[in-house]
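1. Return atomic coordinates for the entry below.
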Amino acid sequence: MTTSPLQPLRNTRILSLALNLPGPAALVRCARMGAQCSKLEPPVPAGQTSADPMAHYSATAYAAMHEGLPVFYASLKTPEGQALLHEALADTDVLITSFRPLAMAKLGLDWDGLHARYPRLSLVRIVGATGARAEEPGHDLTYQAEAGLLPSLEMPSTLFADMAGSLAASEAVLQAQLARAQDGQGVCIEVGLAESAQWLALPHVWGLMEHSSDTGGAHAGYKIYPCADGRVAMAALEPHFAVRLCQAMGLPAVGDAATMREPAMHSAVAAFVATQTRAQLDALAAEKDVPLFTLA
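-> Okay, the predicted model is just below:
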């Protein structure tokens, strides 16, 4: 059993040009895996703290993702900036970007050119959508909408596409390093935020969140209920957990799925939970080994 964090990217040098959320979040994960990470940002505009839009959306998020990260500044549209970038690339294993392909080409950073100049360098290219759609404009909200993750007019609870994209990008770094270990050549991996959102949405596509599904509310042990002073996310889905829930409610210890789907069982669980405080439910979870989480 490993008792300390693995460092599979130890001695891997990563340079990121990626702004906003997915690229910096991916860099955080890579750093936690032991990579030597740095970031190149455009020059800081007068009166601002960073040219990265995330610094303006949320100074807290920007600070969290850049803590301890070496950041240097250069305009890639100038000869001086290009010289600084290529000096860094000569000593880089993986480059992470978030520009559209045409913008990359204008900066002289198309994959063919990079690979010819730096054969061992890998490129992880974060785009809105992969392939022919890579030039399309979009954002987390549009990718969530496309994936079917916006069921109402309510804004989503988090930036699912961006964060899934950051996971895919950090995974791509690992893939690139494994691939290079085989033949010594760098690779280009394109990570699409649209595809990342679609991956998260697969349980929805498969029908797992339909009301008729056990994980969509049909199972009385897997549901959100109001309690005396808040809510509880009950997750007694497997038969042994459902049996323990029934026992705690003073009901026969029947935990089969068919019984747990009956309207009477839904009513019984709802009635029991309504009488319980969050503290009582937390104690029940600890005593009976029932998976649940209480909320205000």
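2. Contacts made by the host helix or strand of Asp112 with the rest, please.
-> For Asp112, the host element (DSSP states H and E) is helix 111-117. Residues from elsewhere that reach helix 111-117, judged by Cβ atoms under 8 Å, 6 or more residues apart in numbering: His86, Leu89, Leu95, Leu121, Leu123, Arg125, Gly186, Cys188. Using the backbone N, CA and C atoms, a C-beta is placed for each residue, glycine as well.
3. which one of those residues sits closest to Ala35?
-> Nearest to Ala35 among the contacts of helix 111-117: Leu95, at 12.5 Å, using Cβ to Cβ.
4. Check the spacing between the closest one and Glu287 real quick.
-> The gap separating Leu95 from Glu287 is 53 Å, by Cβ to Cβ, to the nearest Å.
5. Between the two, which is the more surrounded one?
-> Leu95 (26 against 10; other Cβ atoms under 10 Å).
6. residues touching the more buried one, list them.
-> With Cβ under 8 Å, 6+ apart, Leu95 has these contacts: Ile14, Leu15, Ser16, Leu17, Leu89, Leu114, Leu121, Ser122, Leu123, Val124.
7. Please produce a markdown table containing these, extended by pLDDT.
-> What follows is those, written out as a markdown table (pLDDT from 0 to 100):
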| residue | pLDDT |
| --- | --- |
| Ile14 | 98 |
| Leu15 | 98 |
| Ser16 | 98 |
| Leu17 | 98 |
| Leu89 | 97 |
| Leu114 | 97 |
| Leu121 | 98 |
| Ser122 | 98 |
| Leu123 | 98 |
| Val124 | 98 |
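8. right, and Leu174 touches Leu6 too?
-> No. Counting by Cβ atoms under 8 Å, Leu174 does not reach Leu6; the two are 11.1 Å apart.
9. neighbour-wise, which of these two wins?
-> Leu174 (17 against 10).
10. Could you confirm that one falls within a strand?
-> No. Using DSSP: H, G, I helix; E, B strand; the rest coil, the assignment for Leu174 is helix, not a strand.
11. now it: how far from Ala74?
-> 28 Å.
12. Domain ranges for the protein, per the record?
-> 13-204, 214-295 (automatic domain parsing).
13. Show me which positions of stretch 251-262 end up buried.
-> Buried residues in stretch 251-262, counted by 16 or more other Cβ atoms under 10 Å: Gly255, Thr259, Met260.
14. Please enumerate the strands of the stretch 101-250 of the chain.
-> 122-127, 188-192, 222-227, 230-235 (DSSP state E, counting those that start in this stretch).
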